[in-house]
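J.: sequence and computational prediction follow.
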Amino acid sequence: MNVALETKLTIPPAIIELDHEFFPHPWSMRDWEEYRHDHYRLYKVFDKNESQIDGFALYQCLGGEDCSHLLKIMIRPSKRKSGLGNFLLDKSMKDLASLGWIKAYLEVEEDNLSAIRLYKSQNFNVLRKIVHFYGHGRHALAMGTGIA
Ligand SMILES: CC(C)(COP(=O)(O)OP(=O)(O)OC[C@H]1O[C@@H](n2cnc3c(N)ncnc32)[C@H](O)[C@@H]1OP(=O)(O)O)[C@@H](O)C(=O)NCCC(=O)NCCS
């Protein structure tokens, strides 16, 4: 496995394709455009010969703050349940910590149990519930690490 860090202010089309193909509720092109203008860091995992992106994690990392915002993490379905998600989250969080973003925050749909277990395994705690965050009747949990 390999993790590459992308800091260019463009999102590779392959990432948007992965999102549209496999994410339960993908972002629109307009959503992706917005993140072009924000400070963000993108981490990608590759398969062994690096010919295919198997997953990514996108964080918003604002200067002057010590808390990053995990916007999206996804592993290609055929590669799930083999530790890749854990590997990607662990490597990216360690890299962010080395750069000063020692805390992290995220929202996750409350019934996304595999994602919630992944976050808990990386020491994220539930901070609060945000009702109707993803639309009517679709509630989120806010989770954080390093946040009281
Ligand atoms: C959430 C997500 C990123 C997890 O990725 P993943 O690569 O499957 O994560 P891992 O393999 O590290 O862990 C997942 C499970 O596989 C298990 N696992 C890990 N390695 C394993 C192995 N070698 N053999 C069997 N099981 C294994 C883990 O214990 C974990 O089990 P659990 O769900 O019962 O806790 C992935 O499911 C995904 O992309 N979901 C869709 C997008 C999404 O919802 N993202 C989160 C919201 S932004």
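T.: Yes, it's here. As the structure is a prediction and not an experimental result, all values here were calculated from the model.
J.: residues from the chain in reach of the ligand?
T.: Within reach of the ligand by C-beta under 6 Å from any ligand atom, the chain has these residues: 23-24, 72-75, 80-86, 108, 112, 114-115, 117-118. From N, CA and C alone the C-beta is placed, and that goes for glycine too.
J.: biggest helix in the protein by residues?
T.: Secondary structure of the chain read by DSSP state H shows that its longest helix is helix 84-98.
J.: who are the packing partners of the following helix or strand past that one?
T.: Using DSSP states H and E, the helix or strand that directly follows helix 84-98 along the chain is strand 103-109. On a contact count with 3 or more C-beta pairs under 8 Å, 6 or more residues apart in numbering; DSSP states H and E, strand 103-109 meets strand 67-75, helix 113-121, strand 140-145.
J.: redo those as a markdown table? Include distance to residue 54.
T.: Below are those laid out as a markdown table (distance: least, C-beta to C-beta, whole Å):
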| stretch | distance to residue 54 |
| --- | --- |
| strand 67-75 | 6 |
| helix 113-121 | 15 |
| strand 140-145 | 24 |
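J.: could you pick out the buried ones from the residues of the chain next to the ligand?
T.: Applying 16 or more other C-beta atoms under 10 Å to the residues of the chain next to the ligand, the neighbour count classes 72, 73, 74, 75, 84, 85, 108, 115, 118 as buried.
J.: of all the residues you listed, which two lie farthest apart?
T.: 84 and 108 (17.8 Å; C-beta to C-beta).
J.: I'm done for today, thanks for sticking with me.
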